[in-house]
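Asks: could you look at this predicted model? Sequence included:
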Amino acid sequence: MKIHLFIITLFCFLRLNVCYSTAQSDFEVWLKQPVLHNASVSILGIDASTGDTLFEKDAERSLTPASVMKLFSTATALEMLGRDFKFKTEIAYSGSIDSQGNLHGDIYIVGYGDPCLGAERFAELYLKPVHFIDTWAKAIKDAGIKKVNGAIVGDPSAFCFPFQYGSWLYEDVGNYYAAPLSGLSIFENLYKLHFVTGFFDGDSTRLLGSEPEISGMTFTNKVVSATKGGDQSYIFGGAECNHKIIKGSLPVKQSKFTIKGSIPNPPLYAAERLCDALTKANISVGKPPRALDEQEQRPPLKTIYTTWSPPLKRICDATNLWSLNLYADHLAIQCAVNQNKTAIEAGVVLLDFWKTKGMNTRGLKIVDGSGLSVFNTVNAGHLVYLLHYMKKKSALAEVFETTLPVAGKSGTLSRYCVYGSGKERIKAKGGSMTGVRSMAGYANTKSNKQIIFAVIINNYDESNGEIRKTLEDLLNMIAEM
């Protein structure tokens with residue numbers, strides 16, 4: 001009997017080592033591609049059932065992760081806040097309403113961090129059948145207010161005042177994907193710019209205008225036309241900067257080419273929009289709209305209406321599916337708020353949370369929740385630990401996994417592995433910025449093995465190959481195991 005058990009144990013051990021050896025050998029071949037010759041790579045793949053390592057290379061080497069950082073934001077938010085958590089936005093007033101319907105005070109829009117407020121992707125909640133701002137105006141009218149002697153005030157103080165992390169790149173902060181984080185956000189804190197381009201390389205472009213128009217904002221257009229490269233334009237000027245400079249190039253022969261920028265002061269813009277809606281509803285407002293100042297102490301308020309966000313599960317779906325930076329950072333900040341911490345402490349809160357879950361956080365540095373900061377450092381081991389925990393120990397395992405894009409099918413992975421083995425077998429979050437590519441997620445292989453994997457690549461040389469194809473080759477290789 002003992003001999004029989006010994007033989008079985010030996011057989012399993014040998015089989016495991018053969019699987020590891022084969023996978024590692026395939027991976028070593030993949031690593032020799034010219035595009036990776038000078039790159040730093042951290043990679044780890046484990047068997048989801050046993051936790052055994054299948055392949056690895058510098059799994060503890062911390063690198064810049066880009067958008068795979070959103071796995072920390074979404075997973076922590078689900079664990080800490082629950083799938084049904086909702087953000088709120090309140091319409092309230094200070095002062096008193098007299099018998100003639102005059103409000104001797106101000107109307108406040110109090111934001112509690114909803115990143116989705118007014119988003120077209122949630123149109124059925126905010127825009128249809130009635131626009132949410134019109135709903136606010138009606139609520140104010142229903143409260144008996146016919147005239148506001150004060151102002152409309154945008155108030156983000158319950159969550160955070162508008163800011164952008166100092167370690168975000170200067171070329172990012174004026175653009176939509178690096179919009180300011182704010183307790184009162186609106187329309188995903190973005191606006192659109194429309195251009196007409198020329199016929200030849202180097203031709204000037206004409207700026208048609210912005211949508212919506214934002215009072216006080218001015219633009220200097222230095223964008224030229226180009227036959228190659230697509231949209232290579234950048235909007236320079238961060239939060240609190242109302243003058244933007246647009247540089248770079250756009251495709252030739254375009255009668256209306258659209259790019260997106262970030263609203264510098266979302267609370268003020270929200271106040272302006274509500275003020276316009278009240279004017280249309282024949283409710284006069286005595287003073288200009290404004291945003292609450294950081295040094296200002298808010299007076300006692302009476303709430304008359306509350307707008308609720310989609311449940312957290314849907315927000316996490318959108319965050320990971322489309323890699324939405326604003327959403328990811330708001331989730332991270334909400335985790336900090338939940339622990340009575342400030343927005344700037346969100347990264348520490350995420351890191352401490354995973355430390356309590358047993359993660360070895362050595363080499364892990366979380367600055368923001370989106371991955372935009374170049375000061376974030378993560379290794380493949382951290383990501384695989386998180387993914388393994390969510391799959392095996394979380395009560396929301398299935399909920400979390402369904403937030404991830406599917407290769408060849410959905411979100412940011414819809415164009416990956418379309419004709420390869422990884423199609424619909426890989427669920428993962430990708431990340432990219434200049435010199436950085438990353439991917440982490442789950443694979444259901446052709447041999448019915450479940451693999452948890454992560455790869456981070458820094459400082460690759462794309463003059464020697466295409467990094468996207470290199471990453472796609474890896475996904476297909478994992479799916480074949």
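Replies: The structure has been received and is ready for your questions.
Asks: pull stretch 214-231 out as CSV, backbone CA atoms only.
Replies: Extracted C-alpha coordinates of stretch 214-231, given in CSV (Å, rounded to 0.1, in the frame of the first residue of the first chain):
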residue,chain,number,x,y,z
ILE,A,214,-17.3,76.2,-21.1
SER,A,215,-17.3,79.8,-19.9
GLY,A,216,-13.9,81.3,-19.5
MET,A,217,-12.0,78.6,-21.5
THR,A,218,-9.8,79.7,-24.4
PHE,A,219,-7.6,77.8,-26.8
THR,A,220,-4.5,78.2,-28.8
ASN,A,221,-4.5,75.8,-31.8
LYS,A,222,-1.1,74.6,-33.0
VAL,A,223,-2.3,71.3,-34.5
VAL,A,224,-1.3,70.4,-38.1
SER,A,225,-2.6,67.9,-40.6
ALA,A,226,-0.7,64.7,-41.3
THR,A,227,-1.2,61.8,-43.7
LYS,A,228,0.0,59.2,-41.2
GLY,A,229,-0.4,58.5,-37.5
GLY,A,230,-4.1,59.1,-36.8
ASP,A,231,-4.9,61.3,-33.8
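Asks: what's it in contact with?
Replies: Outside of stretch 214-231, the residues within contact range by CB atoms under 8 Å, 6 or more residues apart in numbering are 191, 193, 195, 197-207, 210, 232-233, 242-252, 257, 259, 263-264, 269, 272. All C-beta spots, glycine's among them, are computed from the backbone N, C-alpha and C.
Asks: sort out for me which of these are in helices.
Replies: Judged by DSSP state H, helices contain the following of the contacts of stretch 214-231: Tyr269, Glu272.
Asks: now stretch 181-200: average pLDDT?
Replies: Averaged across stretch 181-200, pLDDT comes to 96.
Asks: residues of stretch 24-37 that come out buried?
Replies: Using 16 or more other CB atoms under 10 Å as the burial criterion, the residues of stretch 24-37 that qualify are Asp26, Phe27, Trp30, Gln33, Val35, Leu36.
Asks: please apply the same query to stretch 411-423.
Replies: Gly411, Thr412, Leu413, Tyr416, Cys417, Gly420, Ser421, Gly422, Lys423.
Asks: need those residues in JSON lines (columns: pLDDT, distance to Thr74 and secondary structure).
Replies: Compiled in JSON lines, those are given as follows (pLDDT from 0 to 100; distance: CB to CB, whole Å; DSSP: H, G, I helix; E, B strand; the rest coil):
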{"residue": "Gly411", "pLDDT": "97", "distance to Thr74": "13", "secondary structure": "helix"}
{"residue": "Thr412", "pLDDT": "96", "distance to Thr74": "14", "secondary structure": "helix"}
{"residue": "Leu413", "pLDDT": "97", "distance to Thr74": "16", "secondary structure": "helix"}
{"residue": "Tyr416", "pLDDT": "96", "distance to Thr74": "20", "secondary structure": "coil"}
{"residue": "Cys417", "pLDDT": "97", "distance to Thr74": "22", "secondary structure": "coil"}
{"residue": "Gly420", "pLDDT": "96", "distance to Thr74": "26", "secondary structure": "coil"}
{"residue": "Ser421", "pLDDT": "96", "distance to Thr74": "27", "secondary structure": "coil"}
{"residue": "Gly422", "pLDDT": "97", "distance to Thr74": "22", "secondary structure": "coil"}
{"residue": "Lys423", "pLDDT": "97", "distance to Thr74": "24", "secondary structure": "coil"}
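Asks: which non-adjacent residue is nearest Val196?
Replies: Once flanking residues are discounted, Val196 sits nearest to Arg206: 4.5 Å by CB to CB, 6 or more residues apart in numbering.
Asks: got a list of what the one you found touches?
Replies: Contacts of Arg206 (CB under 8 Å, 6+ apart): Phe195, Val196, Asn221.
Asks: do a quick rundown of the helices in this structure.
Replies: Under DSSP H, the chain gives helices at 2-31, 70-81, 123-126, 132-142, 266-280, 312-322, 325-338, 346-356, 380-392, 397-401, 467-479.
Asks: next, count neighbours for Asn325.
Replies: 26 (other CB atoms under 10 Å).
Asks: cool, Asn320 as well?
Replies: 30.
Asks: what of Thr218?
Replies: By other CB under 10 Å, neighbour count at Thr218 equals 10.
Asks: list the beta-bridge partners for it.
Replies: Counting by DSSP bridges, Thr218 is bridged to His243.
Asks: now stretch 347-359: mean pLDDT?
Replies: 98.
Asks: which residues touch it?
Replies: 72-73, 76, 79-80, 332, 335-336, 339, 341, 361, 364-369, 382, 385-386, 389, 393.
Asks: again, but for stretch 379-391
Replies: Counting by CB under 8 Å, 6+ apart, 42-46, 48, 51, 56, 58-63, 65, 68, 71-72, 75, 354, 357-361, 363-364, 396-397, 400-401, 440-442, 452-456 sit against stretch 379-391.
Asks: from these, which would you call buried?
Replies: Here, 16+ other CB under 10 Å leaves 42-46, 48, 56, 58-59, 61-63, 65, 68, 71-72, 75, 354, 357, 359, 361, 364, 396, 400, 440-442, 452-456 buried among these.
Asks: show me the contacts for Gly408.
Replies: Ser414, Arg415, Tyr416, Cys417, Val418, Gly420, Gly422, Lys423, Glu424.
Asks: mind putting the buried residues of stretch 411-423 into a markdown table with distance to Thr135?
Replies: Shown next, in a markdown table, are these (distance: CB to CB, whole Å):
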| residue | distance to Thr135 |
| --- | --- |
| Gly411 | 30 |
| Thr412 | 33 |
| Leu413 | 36 |
| Tyr416 | 40 |
| Cys417 | 43 |
| Gly420 | 47 |
| Ser421 | 49 |
| Gly422 | 45 |
| Lys423 | 43 |
